[in-house]
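Chemist: here is my input; please provide its structure:
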Amino acid sequence: MTIKPLIILPDPLLRQVSKPIERVDAETKRLAQDMLDTMYDAPGIGLAAVQIGVERRMLVIDVSREDEERTPLVFINPEILSSSDDRSVYEEGCLSIPDYYAEVERPAQVTVKYIDRDGKDQMIDAEGLLATCLQHEIDHLNGVLFIDHISRLKREMVIKKFTKAAKAKVL
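Modeler: Now for the predicted structure:
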């Protein structure tokens, strides 16, 4: 069990496009476990590898409730194949943008192709919170943050706040 430090806005790494994972090996499985441990410790419901400084196309999700058994999911090289015209709005937050939340509108349903932690090709039809979480985390793999889906004014205010906080820590 290794809990990794989280990359926080305005770190430019969060804007990088992650590279595909070539093969699922022991190192990939160890990364998946580290990501799950880090996500649960934070606590959060999703985490992309780039959020712990690894520019690889992997994410982990667990949208189970606190009173339910954990249901960790590992997505390697996930790709959205289709999304619904129906939309849904969720209040989103992000472990890389702590203590900031905003309502974001996204497709209500997505179909995602991915490789699981056993190296097998999979496909999932997701709706509700899982669909939103998948889209949020896949955005991370493409250098996109949830604040990119809110108004420019609000986004600039958040970036300014976190940039100021980061500079204060350096001084």
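Chemist: longest helix anywhere in the protein?
Modeler: Across the chain, the longest stretch assigned as helix under DSSP state H is helix 152-170.
Chemist: what are the buried residues along that one?
Modeler: 155, 158, 162 (16 or more other Cβ atoms under 10 Å). No exception for glycine: its C-beta is placed from N, CA and C like everyone else's.
Chemist: other residues contacting it?
Modeler: The contact list for helix 152-170 (Cβ atoms under 8 Å, 6 or more residues apart in numbering) reads 8-11, 97, 100, 102, 147-148.
Chemist: closest to Val112 out of those?
Modeler: The nearest member of the contacts of helix 152-170 to Val112, counting by Cβ to Cβ, is Asp148 at 19.7 Å.
Chemist: lowest-pLDDT helix or strand in this protein?
Modeler: helix 152-170 (a mean of 92; mean pLDDT, DSSP states H and E).
Chemist: chain center to it, what's the gap?
Modeler: Helix 152-170 has its C-alpha centroid displaced from the chain centroid by 20 Å (Cα atoms, centre = their mean, to the nearest Å).
Chemist: kindly format the C-alpha coordinates of that helix as CSV.
Modeler: Extracted C-alpha coordinates of helix 152-170, given in CSV (Å, rounded to 0.1, in the frame of the first residue of the first chain):
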residue,chain,number,x,y,z
ARG,A,152,-14.6,31.5,-18.0
LEU,A,153,-15.0,34.0,-15.2
LYS,A,154,-15.4,31.3,-12.5
ARG,A,155,-12.5,29.2,-14.0
GLU,A,156,-10.2,32.2,-14.0
MET,A,157,-11.1,32.9,-10.4
VAL,A,158,-10.3,29.3,-9.4
ILE,A,159,-7.0,29.3,-11.3
LYS,A,160,-6.0,32.7,-9.7
LYS,A,161,-6.8,31.4,-6.2
PHE,A,162,-4.7,28.2,-6.6
THR,A,163,-1.9,30.0,-8.3
LYS,A,164,-1.7,32.5,-5.4
ALA,A,165,-1.8,29.6,-2.9
ALA,A,166,1.0,27.8,-4.7
LYS,A,167,3.2,30.9,-4.7
ALA,A,168,2.5,31.5,-1.0
LYS,A,169,3.8,28.0,-0.3
VAL,A,170,7.0,28.6,-2.2
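Chemist: now the angle between helix 152-170 and whichever strand or helix holds Glu103, please.
Modeler: Using DSSP states H and E, Glu103 sits in strand 97-107. Per axes from the mean of the first three to the mean of the last three Cα atoms, to 10 degrees, the angle that strand 97-107 makes with helix 152-170 is 160 degrees.
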